[in-house]
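Trainee: Kindly return the folded structure for what I paste below:
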Amino acid sequence: MFNRAVSRLSRKRPPSDIHSSDGSPSSSHQNPKSTAKWAASLENLLEDPEGVKRFREFLKKEFSEENVLFWLACEDFKKTQDKKQMQEKAKEIYMTFLSSKASSQVNVEGQSRLNEKILEEPHPLMFQKLQDQIFNLMKYDSYSRFLKSDLFLKHKRTEEEEEDPPDAQTAAKRASRIYNT
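Mentor: Numbering: from 1, shown residues only. Coordinates of the predicted model:
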């Protein structure tokens, strides 16, 4: 259930806009300036399904993917209207990220004070303080490293090359690239 929620969250566009018919990522539908938007703010990155995907890849390599997964799960949780569904999601978030036995435990202040009693009367903002802590952790720690990472820089170069195809370049620009590599 949690994985389905994360999947829904990480794609605000239909899957056909994100993947080609063979299931591989499709760059033809991407906004050519997505890396510029991602570099502008963590908020912009988290609003873009492709940005979330790339950030998750990066965080996975840093062994901290649980941070963005927790943030995404909380975003999904806040949109839940049905009380029973809210209780189920709250329990799943707690068991996956916050309990002392959590499989993907996040490191937040006050975590030890949370117990399963909070799950009996869930409300949309019950995880807000913890979500804010994780957001700030990502913003001031992993996000800045992501912007300097090979993963991000390679994606940015790919975008620039797609935006400026070789046949549209001047001879001088082509020569410069050849001799400066």
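
Trainee: Show me the contact partners of the strand or helix carrying Met86.
Mentor: Using DSSP states H and E, the element containing Met86 is helix 83-93. For helix 83-93, contacts defined as C-beta atoms under 8 Å, 6 or more residues apart in numbering pick out 1-2, 5, 70, 73-74, 76-77, 80, 116, 118-120, 122-124, 126-127. To be clear about C-beta, it is placed using only N, CA and C from the backbone, and glycine gets the same treatment.

Trainee: one more time with 10 Å
Mentor: Residues from elsewhere that reach helix 83-93 (C-beta atoms under 10 Å, 6 or more residues apart in numbering): 1-2, 5, 69-70, 73-74, 76-80, 82, 98-99, 102, 106, 116, 118-124, 126-127, 130-131.

Trainee: Among the residues you listed, name the ones in strands.
Mentor: Judged by DSSP state E, those include no members of strands.

Trainee: CA atoms of the helix holding Met86 as CSV?
Mentor: The C-alpha coordinates for helix 83-93 follow below in CSV (Å, rounded to 0.1, in the frame of the first residue of the first chain):
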residue,chain,number,x,y,z
LYS,A,83,-11.0,8.3,8.4
LYS,A,84,-10.3,4.6,8.1
GLN,A,85,-7.9,5.1,5.2
MET,A,86,-6.2,7.8,7.3
GLN,A,87,-5.7,5.4,10.2
GLU,A,88,-4.2,2.8,7.9
LYS,A,89,-1.8,5.3,6.3
ALA,A,90,-0.9,6.8,9.7
LYS,A,91,0.0,3.3,11.0
GLU,A,92,1.9,2.5,7.9
ILE,A,93,3.9,5.7,8.1
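
Trainee: In it, which residues are buried?
Mentor: 86, 88-93 (16 or more other C-beta atoms under 10 Å).

Trainee: which residue sits closest to Trp38, ignoring its sequence neighbours?
Mentor: In this structure, Trp38 finds its nearest non-sequential neighbour in Leu45, 4.2 Å apart by C-beta to C-beta, 6 or more residues apart in numbering.

Trainee: so how far is the first residue of stretch 88-107 from its last?
Mentor: End-to-end span of stretch 88-107 (C-alpha to C-alpha, to the nearest Å): 22 Å.
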